[in-house]
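J.: this is a predicted model, with the sequence first.
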Amino acid sequence: MNGEVDIDEMRKLEEMKRVILKKILSKGAMERLGRIKLVKPDLASQLELYLIQLYQSGKISEEISEEQIKLILDRLTSGKQFRILK
């Protein structure tokens, strides 16, 4: 029973995360995030959490573009080798 509750909680959190990201990211930004998830799932999770924190703290006032995602990724990965997909 306890395992079922955890799975339900995880599903609810994933759905909440998906709804928020869809609300704040442009189509291009969502596509880039999807490509990052394929190559670097840990980095994608870090990026998602960062964006959600910005949203929840009221620091996002407009839709985030693909170019802005690139800038955020540069900051998150500074000092690390990472090739941004085009």
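T.: Thanks, I have it.

J.: C-alpha only now, for contacts and for neighbours.
T.: Noted.

J.: low-confidence regions, this structure specifically.
T.: 1-5, 79-86 (pLDDT under 70).

J.: one more pass at 90, please.
T.: Applying pLDDT under 90 to the chain picks out residues 1-7, 10, 13, 60-61, 73-86.

J.: so where do the helices sit in it?
T.: 2-24, 27-39, 41-56, 66-76 (DSSP state H).

J.: now the shortest one against helix 27-39, angle please.
T.: Direction vectors for helix 66-76 and helix 27-39, defined by axes from the mean of the first three to the mean of the last three Cα atoms, to 10 degrees, enclose an angle of 40 degrees.

J.: contacts for helix 66-76?
T.: Around helix 66-76, the neighbours that count as contacts under Cα atoms under 8 Å, 6 or more residues apart in numbering are 26, 28-30, 32, 47, 84.

J.: now which of those would you call buried?
T.: Buried subset of the contacts of helix 66-76 (neighbour count, 16 or more other Cα atoms under 10 Å): 26, 29-30, 32, 47.

J.: and of those residues, the nearest to residue 14?
T.: Nearest to residue 14 among the buried ones among the contacts of helix 66-76 is residue 47, at 14.3 Å by Cα to Cα.
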